[in-house]
Each structure stands twice: as structure tokens, then as C-alpha cells.
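Could you work out the structure for the sequence below:
(2 chains)
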Protein chains: 2
Amino acid sequence: MRYQFSQKIDALQPSAIREILKATADPSVISFAAGNPAPEAFPVEAVQKITREILEENPISALQYSVTEGYPPLRDQLTRLVKERYGIGRDFDQVLVVSGAQQGICLAAHCLLDEGDKVVSESPSFIGSLNAFRSFSSQLVGVQMEEDGIDIDRLEQALKENPNAKFIYTIPNFQNPTGITMSLEKRKAVYRLALEYGVLILEDNPYGELRFAGEDIPTIKSMDTEGIVIYCGSFSKVLSPGLRVGYVVAPKEIIAKMTVAKQSSDVHTTILSQMICERFLAAYDFAAHIAGLREIYRKKSALMIREMDGCFSPAVTHTNPQGGLFLWCSLPKGADMPAFCQKAVEQGVAVVPGSAFLTDESGNSDSVRLNFSTPTDEQIKKGIGLLGDLTKKLF
Amino acid sequence: MRYQFSQKIDALQPSAIREILKATADPSVISFAAGNPAPEAFPVEAVQKITREILEENPISALQYSVTEGYPPLRDQLTRLVKERYGIGRDFDQVLVVSGAQQGICLAAHCLLDEGDKVVSESPSFIGSLNAFRSFSSQLVGVQMEEDGIDIDRLEQALKENPNAKFIYTIPNFQNPTGITMSLEKRKAVYRLALEYGVLILEDNPYGELRFAGEDIPTIKSMDTEGIVIYCGSFSKVLSPGLRVGYVVAPKEIIAKMTVAKQSSDVHTTILSQMICERFLAAYDFAAHIAGLREIYRKKSALMIREMDGCFSPAVTHTNPQGGLFLWCSLPKGADMPAFCQKAVEQGVAVVPGSAFLTDESGNSDSVRLNFSTPTDEQIKKGIGLLGDLTKKLF
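A predicted model of the protein is given here:
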């Protein structure tokens, strides 16, 4: 039997990252390729206690069907949280609980994109989101990154040249893959341009709480007086990714459409997971927990950068993220990046080729993504040492 | 701001059932409109014990990211289960864990349907699946039901007239909404016709384990020597719908595409839920648990039918399901079914209008769907009594 798949899915490649992760199943390989929270960042005792209480006090609710919009007490907690911590939420906004921010991105794409519509995105950007956009037959328009975020002139150019652009996709904080944070000025400019060109903004902020240096910068959604920003948040980096709980804050009309799409996608998000998140927000000191996470990632990031600066060829540069899980490492211009990644794996170290994150999959990249949250300190020291030897040999 | 949604989602209406369920938020209304498992069907103590053990023995795995394909020990358990209990699984098949069977349906639609492609479906059928197909801009071709399942002559006619049909969608066991079971002869005929006309079969079997009368009939997938059947199963009716765990068994090539689509949809299914399902299968007597569920639904179904036969107008007929959660109640030909539903709600009883389940949303239906799994015995007696008075008054 020859199967005939839909064009939109047939064109999609399996995520290069997930393929590399499979190659790293060999436990002797040190992986800087993942994006997992550090194991020590999970509040294990709290989750054990909360889960026991939920299943003792309210087992039927935890196991029964629930409403698509999300567990109402969690929606209430989130409405409070995003207002208090990020200045988000106007009268016209609503919260939808989703199965991880990835589902929020996918539902937004499903609700907004007709075949051939354009999505304007930072490039490089998160491959999971880019693939979600591709899976609805849209076309990606990539805009280059600068040290302080997306290139605003090129963004305006892209909006001018693509009148059927539906939205701008951005990760303003500690972007995946570059670790770059968008400046306040640029956030204002992105908002102004979106208004001017009549497009929406899809603001993805999974890492925002993981700031370990510098000052918080207001979210674009906090500036959203006109109702043009769809904001995606997540519990994956602050509580647990395995629970698969994220949330979207957007104008009610948009949330209503996303709710209809979610009904036919997975009915509702795992209710036990939602109850765990709700009780964690209600009964624990969230700010103190976050402060602990920041300390973990501050140390891991500093260790990786110290080791890199100590042993990498000076021809190789890297970003200095103020938060998040990743840094972006650029080889000398014109270097054979794929060969570098291949040699690194042969030495027992996995990194992700930068080309995986381009909006144009056939484009070239001189860079690789390194993750500092998943490996242990010992793995960071050893793995960066091996990479350093390789950079000195090659560049 | 006027938002411009994608055509495929803009055309979708919120599920009529979910809207009715909202109307039944009033606790004085007796609801026969839901499709929830009976609360007494949940193995609460087992889930409490299993969950405590998982979070004590293996908390990091339960909270960390996992692979898109599903928790490997659960995939192993499922491979064994579908082989032993349903004769499913050939060398070319694989198992994918999904976030409820609804996601399996949605991923199959995403992977197979280009704009304008046809889906041939039993009509009436499950609205959640019909909406998933609609959300990918496909066109539905409805085929009438008979007492022993889909009308085979009309099915062949539909396949003849629609050469761009991609698959046949069917719920062979205790169909939602009609409660009808497809005979063995018809299952063989559906398989033969699919082969002949070069279309796939999407076999949805969420209720198959809930047989409380008659003999098991082989699944269509068990006949699948040629690799043309995508089979969807679920833990929702046998363990818990709130956990959101289902599974798909299909040829490897199809599973590979669905895995790519799932990556960009929700990355993976809640891992704690998967671990709970796995341990339940591994450590408990699944057959004995199922026997207990069947007893619960046998009694509830019998009670509802006994009460209906005792007090409904003889002009109103109903199916006699051999399993599942629903029965289908037909008013006299030409009766004003929407008015009946409206009057029923005014009397304090909610049922679902049959028109909600038609492939042609503008079509007429004389029927309503009644659910016997969610209400208590007292609610069944009282609610059926009220409906009976109404049928006698009107028909």
C-alpha cells in the first residue's frame, strides 16, 4: 500500500533536534542538545504532597472529563498571576489552558492560517513553532536577529512586502535558540509596526521567569491596549514539562475560536496536571520557588561560559544570555558547521546545528545551539573541554 | 480590531453537546446529555496507590520531557494488550500514544486530508470526530445507519461517487450516538470495499470493552492484512478520561507521519498519565476490572430501558445497545424534535438533539441521544418519567 499524505504534513521533516536526541541515547554521549529543565529544578516533594491530597480529597474530579477552557480554579489563578507578574490582562482578554505552550502555538496557527498565508518570524527561531506554522501550509518569512532582538528595519520591510502576513511570531525573552533578549525599545516598535500593518503578534514566553541577570523587561502583551497580542505561557520551565500544561491569554474572540479548535484536538488538558499546577500556585511561594530556579540556571550558565572562555578557540564567539536554557555559539564565518557537529558527536558531545532553526530550511548557518540546563556540572566541564579541543584544531 | 480567522475554523460551530452541557450547569437539571463514565467506574484506590508509587520511585521521569511516540513501557503494554484482546498488530504496525482518542482522530485528519478531500462517515456519528475532519477543510459524505451498522450498498455508492475520498470513518462497537453495533458480515464488507476503492479505514473503538450483552465481534483492524486500517483506542472509558490517554495502531509509515504532527501539536502526552495507565495494565487484573465496568453499565442501561418501556408513548422507539454509554431514541416521523428537546429542558431534563450528529449539519433528525452512564439511578427514574409524560402529551 502506498499512502498518500496531506501535502502540509508530507513536507514536514521530523525535528532535527529530536533526531539528534535519539542519537544521544548512547549514555556515554554528553548532550548539550536537549532543552530539558535541570532535574534538581523540580519541586518533587511539593508535587508528591499536592498529588496525594488531590487524589484523596477529590479523586472523581481528577479522573473525570472536564471543560475545554480549562479547570476553572486554575484559570482564576492564572488570571491573577499574569496580572501581578507580567502586567497582562485587560477586560477584553481571557485565559485558555492548553496542553503545553506548543499546543497554544499550534491552535493559534490552526485558527489563523489559511493556505499560503505568511508568518513573519525571528530567524533563527524555535523549530517546534516553525513546524506548527508549516503544518498549516503557511509560508515563513524570516527576519534576522540582532544583539537586542529582531532587526526592526527588516521587520518593517517584511511586513511591507507581505500584505498577507497574519502574525509576527516572537520569543522576546532568552530566545530559543539564540538566548537573545529583545530590548524595551524594540518591543514597543514591534507592537507599533503590528498595529500599523494590521497583523497580530504571537508572543511566546516560556523562559521569561528564568531571568538570572539584568532587569525584567515588560512583555509585549502588557502594552496591548488594542487586543492584537496572543500571549503563550507555560508551566514546563517553572514546574514540570511532563505535566503538559501551558496557557494562552488573548482577546475573548480569539480564545473562543481556539477553544473550538481545542475541542477537536484533545477535548481538554489532563485534569490532574491542571489541578497540580493550580494547587502549586495557590499553596506554595511561587516567587521563592522561581528564585531557586534562577540560582540553578545562573550557576550552570556561568559555568558553561567560563569553561568556553577558557578553552575555546578565540575565533568562536557566543551569546551571553540573561536567562533561559540556551546559548548560541558562532563558528568563524564560512566554517563547515555540519562537519563540526558531526565531529563533535564522534568526540562524544552532541550540539544542535543552527540550520535546524532557520525559517528557510535550506539556508546556511555558522552557529550551533548549546543547552546548559540538562547536563551535570561534570558533563559541562568535560563536554566543553572536548568541544574546545575541536575548535582549536579546526579554527 | 476585527479578527480574520482561517476559513476552516471560522466555519466550525462550538459542539452543540458542550453548549447543552453548559445549560445543564444548573444542578436541578437531570442530564442525559453527557458522555461521562459513571463515577463508580473509576478505580480510585488503584490510581491513588499507583500514583503515589510512581512519584516516590520515579519522580523525575514523571515530571521531565518525554518522547513523542509515548512512554516505552506503555507502548509495550499496549502492543501486548491489543494483540491479546483484539487480535490487532501485524509486523508492519506500530503503536503511538496520543492525548485521548480524539487526538488520534485529529492527527489522522491532519496527516491525510488536503482541502476538499472527502471523508466517508456513518451518519449520524460522533460530533467530535466530524468537527476534527471539518477543521481540515474536508467534506463529509454521510452514509445512513441500519440496525446492524452502516448501509453497505450506500457505502459503495458513496465510494463510487467520491473518488477523492481518503478514508472511511466508523465506530463499529456501540456507536456514538446510536448505540448500534456493526455485524461481522458488514465489517468484512467495509474492509473489502476500502481495499477495492483504495481508501483507508479509520476505526474508532472507544467503547469496545464496555460490552454488556451479546458476543464480541472481531475488530476491522484484526482483518487488516494489507495495512489500510488506522485503529484508535482509549483509556477514557476503561480507566479515566481526565488522564487524556489514548492510542493509535497503524502501519509504521502512517505512525511516523502522525508522530511528526504530534510533535508540533503537543510534543508528547502527559507522562504521569501514561505511567499511571502503564502500571494499571501491568499490576492489576484488567479483565476483572472490565467485568466490573460491564456490570455497572449493564444495570444502568437496563434500568433506563425498563423505565422507558414502562412510561414512554409507544410511538417513540429506541435502540437496545449491547454496550457503550448511549441509546438512540426516535420520535414519530416528522415530529418537531428541536421543540421536544426544548420542552424537555424546561421540564428539567437535558438530551442531545440528533441533528448535532449529522454529517450534513443542516439536515433534519427525528431522534435524540440519551446517555445512561452519567446519571444516578434515581435521576434515570425521575428523568425518564418526566420525558415519558412529555412523549405521551406530544405523540
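
Output the contacting helices and strands for the longest strand along chain A.
Taking DSSP state E as the criterion, chain A has its longest strand at strand A:139-146. Helices and strands touching strand A:139-146, by 3 or more Cβ pairs under 8 Å, 6 or more residues apart in numbering or on different chains; DSSP states H and E, are strand A:118-123, helix A:127-134, helix A:152-161. The way it works is simple: take the backbone N, C-alpha and C, and place the C-beta from them, glycine included.

Select, out of these, the one closest to chain B.
Smallest distance to chain B across these (Cβ to the nearest Cβ): 4.0 Å, for helix A:127-134.

Switch the helices and strands packed on strand A:139-146 over to a markdown table, and while doing so, append mean pLDDT and mean neighbour count to every line.
Conversion of these to a markdown table gives the following (pLDDT from 0 to 100; neighbours: other Cβ atoms under 10 Å in any protein chain shown):
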| stretch | mean pLDDT | mean neighbour count |
| --- | --- | --- |
| strand A:118-123 | 98 | 24 |
| helix A:127-134 | 96 | 25 |
| helix A:152-161 | 98 | 17 |
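
would TSV of the ones you listed with distance to B:Leu386 be doable?
Converted to TSV, the helices and strands packed on strand A:139-146 look like this (distance: least, Cβ to Cβ, whole Å):
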stretch	distance to B:Leu386
strand A:118-123	53
helix A:127-134	48
helix A:152-161	60
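
What's the mean pLDDT across the longest strand of chain A?
Taken as a whole, strand A:139-146 has an average pLDDT of 97.

Pairing partners for that strand, with directions?
When pairing is defined by DSSP bridges, strand A:139-146 lines up against strand A:118-123 (parallel), strand A:149-150 (antiparallel).

tell me how far the shortest one is from the chain's mean position?
Once both centres are worked out by Cα atoms, centre = their mean, to the nearest Å, strand A:149-150 turns out to sit 15 Å from its chain's centre.

ok, the closest residue to A:Lys382 other than its chain neighbours - how many residues close by?
Leaving aside its sequence neighbours, A:Lys382 sits nearest to A:Ile30 (Cβ to Cβ, 6 or more residues apart in numbering or on different chains; 6.3 Å). Close neighbours of A:Ile30, defined as other Cβ atoms under 10 Å in any protein chain shown, add up to 26.

How about A:Glu215?
Neighbours of A:Glu215 (other Cβ under 10 Å): 7.

per-residue confidence for it?
In this model, A:Glu215 is scored at 97, pLDDT.

Phi and psi next, for it.
phi -110, psi 150 (degrees, to the nearest 10).

ok, it to A:Pro172 distance?
To A:Pro172, A:Glu215 is 14 Å away according to Cβ to Cβ, to the nearest Å.

Return the residues in contact with the residue nearest to A:Lys382.
A:348-350, A:375, A:379, A:382-383, A:386 (Cβ atoms under 8 Å, 6 or more residues apart in numbering or on different chains).

Tell me what it is bridged to.
A:Val349.

gap between it and A:Ser355?
Using Cβ to Cβ, A:Ile30 is found at 22 Å from A:Ser355.

likewise A:Lys186?
Distance, A:Lys186 to A:Ser355, using Cβ to Cβ: 25 Å.

from the contacts of A:Ile30, which two are the most distant?
Greatest spatial distance among those (Cβ to Cβ): A:Ala350 and A:Lys382, at 13.1 Å.

With neighbour numbers in mind, choose between these two.
Applying other Cβ under 10 Å to A:Ala350 and A:Lys382 shows that A:Ala350 carries more neighbours, namely 22 against 16.

contacting residues around stretch A:6-14?
For stretch A:6-14, contacts defined as Cβ under 8 Å, 6+ apart pick out A:131, A:134-137, A:361, B:110-114, B:117, B:136, B:256-257, B:259-261, B:263-264.

Using PDB, list the CA coordinates for it.
Written as PDB, here are the backbone C-alpha positions of stretch A:6-14 (Å, rounded to 0.1, in the frame of the first residue of the first chain):
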ATOM      1  CA  SER A   6      -1.600  15.600   3.100                       C
ATOM      2  CA  GLN A   7       0.800  18.000   1.400                       C
ATOM      3  CA  LYS A   8       1.200  20.100   4.500                       C
ATOM      4  CA  ILE A   9       2.400  17.100   6.700                       C
ATOM      5  CA  ASP A  10       4.300  15.400   3.900                       C
ATOM      6  CA  ALA A  11       6.500  18.400   3.600                       C
ATOM      7  CA  LEU A  12       7.400  18.400   7.300                       C
ATOM      8  CA  GLN A  13      10.700  16.800   8.400                       C
ATOM      9  CA  PRO A  14      11.000  15.200  11.800                       C
END
